[in-house]
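[1] Just the structure for this:
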Amino acid sequence: MGTLHKNTRWRIINRLFKQKGADGNPSGNHKVPMMNRNSHHTAATKRAVSYAIKIISGMAVCFVVWAVILETIRWATRRDTANGVGGLEMSTPHFITETMPAGDITPETDDTSDMFLTYQTYRVKAGDMIGIIADTYGITQDTIISVNGIRQSRLLQIGQYLKIPSHPGVLYTARKNNEPLSAIAKKYEVSLERCAAVNGLTPDAQLAEGTTIFVPDAQLDWATLQEINGDLFVKPLHARWWLSSHYGWRKSPFSGARTFHSGVDMAAAHGTAVYAALSGRVTFTGFNATYGNYIVIAHHSGYSTLYGHLSAITCSKGQYVDTKTLIGRVGNTGLSTGPHLHFTVMKNGKTVNPVVLWK
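    Presented below is the predicted three-dimensional model:
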C-alpha cells in the first residue's frame, strides 16, 4: 500500500476541472481536452488538491494498519468462555476431579501467627491516651501499661516511645523458683498451650525466680489498673476544700525543719463530713498526739488509708464501709494549725501520694 501513482492523481485532478456545457452539465457530444498541467491559472489549485490526496491516502493507510493491530490484540486477549480463563490458551486445561466426603467441610488453614510474639514501636503524640492507642493496635490498655512498666498513666509524655506487642496480654515475673507455667496460666485463666508457645516453652515448664514471661490474653487486676489510671480512690471530702499541704518533703510548720509529709492536708470548715475513700473494713479508731482523733481503714490489694485530726469519729472498729459511709468530721485535734483532714494512703505499709490515685 502506498500513495496514488503520480499520473493517476493528475487524471483525477483534470476530471475535477473538466469543462461543462452551456447547460452547466458535462457535454457528451464532444471530447473535452485534458487540462494543461502547466497552465498558470490552475497550477496552485492542482498542487493543493495533490497535497490533499496525499494526506487522505496516508490517513487511509494508517487507519488500515491500526485496524489490523487492534484485531490482533483482540484475538490475542480473547476470553476462552469454554474454560473460564483469559489469555492465550494453547491447549485445553486438564481438570482433576476429587471426591469429597459428605458433610460439613472446614477449610484447612496453617495460621500460626498467634503463636509468635513481635513488637513494634509507637511514639506518643499530643492528645494521645493509652486506651486510644490500644484500640488502634487491637490490644488492651493493660497490655501497654504492663509491657512498658507504666505506673501512672496520667504522666504519659509527648515524644515517649512505647512498645506495642502483637498480642494482648501482660508480663509476669516468677516470684519463686520452679514456679509452674501451668499455675500462671490458671491464675490468669488463659490457655496453657498458647502461653507456652508464645514464650517458646513446653506446657510442663517451670520458671526460675525472676524470670519474666508474656502471658497472652491476660489482664491486670482491677485494683492495679485503677491505681495506674488514678481512679482507685475517691476524695474523702465531698464538700468544698483546698489543698493546704502536699505529699512529700516540706518545711515543718511547727519546727521549721525539713520533714517528710506522709499524706495531704485538705483544709475545710470545722465539722465537714468525712467519707471512706474506698470500700474496706475499719481496723483502728483512736487518738494520738500527732493525728489527734484518727481512723485507719484496710482495703484490698494491700491498700490502707488514714484519716486524721478529726473532730468526731462516726464509725467503729471492724465495721465495713464504702465511699458513701460517713466515718467522721473535719477537726483540729492533735498537732494541727487549723481545721483540716490529714489523708494518708499506704500500699503494703508504704505511703504513696494520694493525688495520683484519686479521681
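[2] quick one: contacts for the closest residue to residue 122 other than its chain neighbours?
    Nearest residue to residue 122 in three dimensions, chain neighbours excluded: residue 162, at 4.7 Å (C-beta to C-beta, 6 or more residues apart in numbering). All C-beta spots, glycine's among them, are computed from the backbone N, C-alpha and C. Residues in contact with residue 162 (C-beta atoms under 8 Å, 6 or more residues apart in numbering) are 121, 122, 123, 124, 133, 144, 148.
[3] residue ranges for the strands of the stretch 101-250 of the chain, please.
    For the stretch 101-250 of the chain, strands defined by DSSP state E, counting those that start in this stretch occupy the ranges 119-123, 161-165, 169-173, 179-180, 206-207, 212-216, 242-245, 248-251.
[4] Among those strands, which comes closest to residue 200?
    Residue 200 lies closest to strand 212-216 among the strands of the stretch 101-250 of the chain, at 9.6 Å (C-beta to C-beta).
[5] If you count neighbours, what's buried in that closest one?
    Within strand 212-216, the residues scored as buried using 16 or more other C-beta atoms under 10 Å are 213, 214, 215, 216.
[6] Name every strand pairing with that strand and say which way it goes.
    Here strand 212-216 has these sheet partners by DSSP bridges: strand 169-173 (antiparallel).
[7] What mean pLDDT does the partner strand get?
    Across strand 169-173, pLDDT averages out at 96.
[8] cool, and stretch 319-335?
    For stretch 319-335, the mean pLDDT works out to 97.
[9] May I have the distance across that stretch, first residue to last?
    27 Å (C-alpha to C-alpha, to the nearest Å).
[10] List the buried residues for that stretch?
    By 16+ other C-beta under 10 Å, the buried positions in stretch 319-335 come out as 319, 321, 325, 327, 328, 329, 330, 331, 333, 334.
[11] Let me see the contact set for the first one.
    By C-beta under 8 Å, 6+ apart, the contact list for residue 319 reads 281, 282.
[12] Give me the contacts around stretch 212-225.
    Stretch 212-225 is contacted from outside by 114, 117, 140-142, 145-147, 165, 167-174, 181, 184-185, 188, 190-191, 194-195, 198-199, 201, 207, 228, 232, 300-301, 303, using C-beta under 8 Å, 6+ apart.
[13] What's the PyMOL syntax to select whichever of these are buried?
    Selection of buried members from the contacts of stretch 212-225 for PyMOL, criterion 16+ other C-beta under 10 Å:
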select buried, resi 140+141+142+145+146+147+165+167+168+169+170+171+172+174+181+184+185+188+190+194+195+198+199+207+228+232+303
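[14] In helices, which of the contacts of stretch 212-225 fall?
    Secondary structure from DSSP state H places 141-142, 145-147, 181, 184-185, 188, 194-195, 198, 228 of these in helices.
[15] In a markdown table: these, plus distance to residue 221.
    Converted to a markdown table, the ones in helices among the contacts of stretch 212-225 look like this (distance: C-beta to C-beta, whole Å):
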| residue | distance to residue 221 |
| --- | --- |
| 141 | 14 |
| 142 | 9 |
| 145 | 12 |
| 146 | 11 |
| 147 | 16 |
| 181 | 20 |
| 184 | 14 |
| 185 | 16 |
| 188 | 10 |
| 194 | 21 |
| 195 | 18 |
| 198 | 21 |
| 228 | 11 |
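[16] which of the residues you listed lies closest to residue 66?
    Minimum distance to residue 66 across these is 63.2 Å, recorded for residue 198 (C-beta to C-beta).
[17] gap between the closest one and residue 189?
    Residue 198 sits 16 Å away from residue 189, going by C-beta to C-beta, to the nearest Å.
[18] sorry, back to before: list buried residues within the contacts of residue 162.
    The buried subset of the contacts of residue 162 - by 16+ other C-beta under 10 Å - is 122, 124, 133, 144, 148.
[19] For the first one, give me its contacts.
    Each residue near residue 122 by C-beta under 8 Å, 6+ apart is listed here: 133, 137, 161, 162, 164.
[20] Can you give me the pLDDT of the fourth one?
    For residue 162, the pLDDT comes out at 96.
[21] Counting neighbours, what do you get for residue 310?
    25 (other C-beta atoms under 10 Å).
[22] residue closest to the middle of this structure?
    Centroid-nearest residue in the chain, with C-alpha atoms, centre = their mean: residue 136, separated by 1.3 Å.
[23] Would you enumerate the residues in contact with it?
    Counting by C-beta under 8 Å, 6+ apart, residue 136 touches no other residue.
[24] confidence score at it?
    We note a pLDDT of 94 for residue 136 in this prediction.
[25] I'd like to know how far it sits from residue 336.
    Residue 136 is 50 Å from residue 336, by C-beta to C-beta.
[26] Next: residue 122.
    Remark: distance between residue 122 and residue 336 (C-beta to C-beta) = 48 Å.
[27] And for residue 119, the neighbour number?
    Neighbours around residue 119, by other C-beta under 10 Å: 11.
[28] swap in residue 250?
    Residue 250 has 14 nearby residues by other C-beta under 10 Å.
[29] Pretty sure residue 256 is one of the things it touches, is it not?
    No. Judged on C-beta atoms under 8 Å, residue 250 makes no contact with residue 256 at a distance of 10.8 Å.
[30] can you give me the helices for the stretch 201-350 of the chain?
    222-229 (DSSP state H, counting those that start in this stretch).
[31] What backbone torsions are found at residue 167?
    In terms of degrees, to the nearest 10, the main-chain angles of residue 167 are phi -130, psi 150.
[32] Nearest spatial neighbour of it, chain-adjacent residues omitted?
    Using C-beta to C-beta, 6+ apart and skipping the chain neighbours, the partner closest in space to residue 167 is residue 216 (4.9 Å).
[33] measure that neighbour to residue 144 for me?
    Here residue 216 is placed at a distance of 15 Å from residue 144 (C-beta to C-beta).
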